[in-house]
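Sharing a sequence plus its predicted fold:
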Amino acid sequence: MSHIVVIGAGTGGMSGVYELRDALSKSEHQITLINEREDFQFVPSNPWLGVGWRKREQISLPIKECVNKKGIEFIAGRVTEIIAHKNQLKIDDSQILDYDYLVIATGPELAFDQIEGAGPDGFTQSVCSLDHAEASFENVKALIENPGAVVVGAFQGASCFGPAYEYAFILEKALRDAKVRDRVPMTFVTCEPYIGHLGLGGVGDSKGLLESDLRGHHIHWICNAKVSRVEAGKMYVEEYNDRKEVIKNHELSFNHAMMIPPFRGVSAVANVEGLCNPKGFVFVDEYQRSPRYENIYAAGVCIAIKPLEDTPVPLGVPKTGYMIESMMTAITRNISDVIAGKAPSYKASWSAICLADMGDTGAAFVAIPQIPPRNVTWFKKGKWVHFAKVAFEKYFMMKMKNGTTEPVYEKYMLKLMGITKLK
């Protein structure tokens, strides 16, 4: 009998335990899911929550209730140490749990502390968690009562840009609905070398299309931006050129600011000798397995991916939902094969399929592979994307609640896009 432990119950971890349970006999193999929170949170909907278009109960589910009925054990606790040489985990500094195979799907730690005054404990808002998004909504309500300047974007070192663009356009629509948009100057601040780079070198004409939309919505932007510090109501931004020289210093006043932070690995993972890079992201081979520890696998935001290129201001590479889902499928198949005495052979598809809501319209893209040059590049926009993302949210929440193992990103999202084949 093998004991497979999955740390993290986000998009990857929840999908992964369902796939593992479907692939491995309940009578022969135990599967345990560990998460520090008791609820699953559908993070892609957080920009909507941040302006009050969703409520917590619409985009969260009780994990234990969902997974127990599938024969999966659940522990609500924080993994404080991975004792890799003993195949053990320490939970909440006290409980010891043995494993045969470990799957790390923790997501990131939010590194607001790298920028003075950043984050919910400082002076900027976030949509990286449900708690943060709810706090952002309270700040948005205050903004509507007392209109003033807004700053939205991504701090230096960020690797997740889609939610920043989504939030900017969604907030803009919310302000129009509240009849105060005319009193709210908006600036988009990003470490990207150009609008629409997305950490991916752009996708199709993402640069032209997103620049056009920002202009059309009267949102100014600053690229190659490094935020030196944030104070109450003021953000200090250095703008760089291609030679990595500061060409302008900006002092941006704001009544509301939402900035995506840089990520790093969670401490329990980062502290394992030889497992991670200096930022705490897990090294994996082509089979999603640690080169150092052959019974440890990892998927999602917590893995190490080398930046696409050297940019004037550092930024990372995003890990999209389709990639994460594909990684977990590969892990499931490889663990199943290893248990059966075979060598791992399945590889994830490191490609991107995304729906980005923009308030009353949206943008969708497919990038295969995610990093250029590509075999497939597809980028479209229109009102249909907004409705497609709403439909996808409902379908994904149903998948998590019922424990279905269908690859929803590759099948359902592509169906919503009207794409029948990836190749």
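Nice, thanks for sending it over.

Assumed Pro44 was part of a helix.
Yes: under DSSP: H, G, I helix; E, B strand; the rest coil, Pro44 falls within a helix.

where does this structure dip in pLDDT?
420-423 (pLDDT under 70).

tell me the domain boundaries of it?
Under the assignment automatic domain parsing, the domains of the chain span 2-109+264-349, 112-262.

Which residue comes closest to Phe161 once chain neighbours are left out?
Nearest non-adjacent residue to Phe161, counting by CB to CB, 6 or more residues apart in numbering: Leu198, 4.9 Å away. C-beta here means a position set from N, CA and C on the backbone, and glycine is covered the same way.

now do Gln370
Gln370 sits nearest to Ala352 (CB to CB, 6+ apart), 4.4 Å away.

what's the spacing between the one you found and Thr320?
Using CB to CB, to the nearest Å, one gets 5 Å for the distance from Ala352 to Thr320.

cool, His217 as well?
For His217, the distance to Thr320 (CB to CB) stands at 24 Å.

Doesn't Gly148 lie inside a strand?
No: counting by three-state DSSP, Gly148 is not part of a strand but coil.

and it, what does it touch?
By CB atoms under 8 Å, 6 or more residues apart in numbering, Gly148 lies in contact with Arg183, Val184, Ser253, Phe254, Asn255, His256.

again, but for Ser349
Ser349 neighbours (CB under 8 Å, 6+ apart): Tyr322, Met323, Ser326, Ile368, Pro369.

One more: Ser60?
Residues near Ser60 by CB under 8 Å, 6+ apart: Asp39, Phe40, Gln41, Phe42, Leu130.

And it, how close does it get to Thr190?
The value you get for Ser60 to Thr190, if CB to CB is used, is 29 Å.

same thing with Ser15?
30 Å.

again, but for Asp177
25 Å.

Between these two, tell me which one has more neighbours.
Per other CB atoms under 10 Å, whichever of Asp177 and Thr190 has more neighbours is Thr190, with 29 against 14.

That one against Ala225, yeah?
Yes: counting by CB atoms under 8 Å, Ala225 is a contact partner of Thr190 at 6.0 Å.

Pull up the overlap in contacts between these two.
Gly153.

Would you map the strands across the stretch 301-423 of the chain?
352-357, 362-368, 376-381 (DSSP state E, counting those that start in this stretch).

where do the helices sit along the stretch 151-300 of the chain?
162-177, 206-216, 267-270 (DSSP state H, counting those that start in this stretch).

how about those, which one is nearest Glu238?
Closest to Glu238 of these, according to CB to CB: helix 162-177, at 18.3 Å.

and that closest one, what does it pack onto?
Packing partners of helix 162-177 (3 or more CB pairs under 8 Å, 6 or more residues apart in numbering; DSSP states H and E): helix 46-49, helix 130-145, strand 150-154, strand 186-190, helix 206-216, strand 256-260, strand 352-357.

Now tabulate these in a markdown table and tack on distance to Glu245.
Shown next, in a markdown table, are these (distance: least, CB to CB, whole Å):
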| stretch | distance to Glu245 |
| --- | --- |
| helix 46-49 | 34 |
| helix 130-145 | 34 |
| strand 150-154 | 21 |
| strand 186-190 | 18 |
| helix 206-216 | 22 |
| strand 256-260 | 23 |
| strand 352-357 | 32 |
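
Tell me which of these lies nearest to Asn241.
The nearest among the helices and strands packed on helix 162-177, by CB to CB, is strand 186-190 at 15.3 Å.

Contacts for the closest one, please.
In contact with strand 186-190 (CB under 8 Å, 6+ apart) are residues 149-154, 158, 161, 164-165, 168, 171-172, 195, 214, 217-223, 225, 227, 235, 237, 252, 259.

Can you list the strands that that strand pairs with?
Strand pairing for strand 186-190, using DSSP bridges, gives strand 150-154 (parallel), strand 219-222 (parallel).

Quick check: which of the ones you listed is buried the most?
Of the strands paired with strand 186-190, the one with the most neighbours on average (mean count of other CB atoms under 10 Å) is strand 150-154, at a mean of 27.

quick check: angle from that one to helix 162-177?
Angle, strand 150-154 to helix 162-177, by axes from the mean of the first three to the mean of the last three CA atoms, to 10 degrees: 160 degrees.

before we move on, back to that, now the strands of the stretch 301-423 of the chain as a markdown table including mean neighbour count and distance to Gly119?
Below are the strands of the stretch 301-423 of the chain laid out as a markdown table (neighbours: other CB atoms under 10 Å; distance: least, CB to CB, whole Å):
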| stretch | mean neighbour count | distance to Gly119 |
| --- | --- | --- |
| strand 352-357 | 25 | 23 |
| strand 362-368 | 23 | 27 |
| strand 376-381 | 16 | 31 |
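
Could you point out which of the ones you listed sits nearest Lys55?
Among the strands of the stretch 301-423 of the chain, the nearest to Lys55 by CB to CB is strand 352-357 (16.8 Å).

Pro312 is in contact with Val246, isn't it?
No: Pro312 is not in contact with Val246 according to CB under 8 Å; the separation is 9.8 Å.

of the two, who's got more company?
Using other CB under 10 Å as the criterion, Pro312 and Val246 rank with Pro312 on top: 21 against 13.

which residues touch the residue nearest to the more buried one when sequence neighbours are not counted?
Excluding the flanking residues, the one nearest Pro312 by CB to CB, 6+ apart is Tyr240, at 4.2 Å. By CB under 8 Å, 6+ apart, the residues touching Tyr240 are Asn224, Ala225, Lys226, Val246, Ile247, Pro312, Val313.

can those go into TSV with extra columns for distance to Asp360?
Formatted as TSV, the contacts of Tyr240 follow (distance: CB to CB, whole Å):
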residue	distance to Asp360
Asn224	30
Ala225	27
Lys226	32
Val246	37
Ile247	35
Pro312	34
Val313	31
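
Show me the strands in the stretch 1-150 of the chain, by range?
2-7, 29-35, 39-41, 60-62, 73-76, 79-83, 88-91, 95-98, 101-104, 109-110, 150-154.

gap between the third one and the chain center?
Using CA atoms, centre = their mean, to the nearest Å, the distance from the centre of strand 39-41 to the centre of the chain it belongs to is 14 Å.

what does the first one give?
Remark: strand 2-7 is offset 23 Å from the chain centroid, using CA atoms, centre = their mean.

Report the inter-axis angle for it versus strand 79-83.
On the basis of the same axes, to 10 degrees, strand 2-7 is oriented at 130 degrees to strand 79-83.

what's strand 2-7 in contact with?
Residues outside strand 2-7 that contact it (CB under 8 Å, 6+ apart): 13, 16-17, 20, 24, 28-35, 79, 89, 97-106, 269, 335, 339.
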